[in-house]
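Enquirer: got a predicted structure here, sequence first:
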Amino acid sequence: MKPTPASSTVRRSVAAESTPPRRATGRVPQAAKSTRIRRTFDQVLTKARDMTTDWPDAKVTAEGIRRAVRTSPADARLLRDTILTERTTAGVKA
C-alpha cells in the first residue's frame, strides 16, 4: 500500500475586528472623581500644633509631621519651620 499525501491546509489571515480607540491614561471623568475637602494651611497648622505638643524638639521633623497630619512634604516642611520657630520664640519670652 502506498501512503496518500495529506491534503495541505491553506491558512489565510483574516482582518481582526477593530476596537474603539482607548482613552488617554490619566484622564478621569469629573463624575468619577471623589470630592476631597482641601484644608487651609491654618487648619493644618492647628492640627500639627495639637499633635506635636508632647513631642520633644528633636522629634519635630517634617517627615513625622507629614505622617501625623497627612499632608504634603512641602507643607510639612513649612509646618516644621513654623512650629520650631514658635517654640524658640516662646522659650525666649518665658
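Expert: In hand now; what should we look at? Numbering: from 1, shown residues only.

Enquirer: for the residue nearest the centre of the chain, which non-adjacent residue is closest in space?
Expert: The residue lying closest to the centre of the chain (C-alpha atoms, centre = their mean) is Ser72, at 9.1 Å. Ranked by C-beta to C-beta, 6 or more residues apart in numbering and with sequence neighbours excluded, the top spatial neighbour of Ser72 is Arg66, at 7.3 Å. (Glycine included, C-beta is placed from N, CA and C.)

Enquirer: what separation do you get for that neighbour and Thr89?
Expert: Look at Arg66 and Thr89: by C-beta to C-beta, to the nearest Å, they are 23 Å apart.

Enquirer: quick check on those two: which one has the bigger neighbour count.
Expert: More neighbours surround Arg66 than the other of Arg66 and Thr89, with 19 against 10 (other C-beta atoms under 10 Å).

Enquirer: list the contacts of that one.
Expert: Under the criterion of C-beta atoms under 8 Å, 6 or more residues apart in numbering, the contact list for Arg66 reads 72-73, 75-76.

Enquirer: got a winner among the residues you listed for most neighbours?
Expert: Among these, the one with the most neighbours (other C-beta under 10 Å) is Ala76, at 22 neighbours.

Enquirer: list the buried residues of the helix or strand containing that residue.
Expert: When secondary structure is defined using DSSP states H and E, the element that contains Ala76 is helix 73-93. Taking 16 or more other C-beta atoms under 10 Å as the basis for neighbour counts, the residues of helix 73-93 that come out buried are 75-76, 78-80, 83.

Enquirer: end to end, how far does stretch 45-62 reach?
Expert: In terms of C-alpha to C-alpha, to the nearest Å, the two terminal residues of stretch 45-62 are separated by 13 Å.

Enquirer: stretch 30-41 too?
Expert: Criterion C-alpha to C-alpha; first-to-last residue distance in stretch 30-41 is 26 Å.
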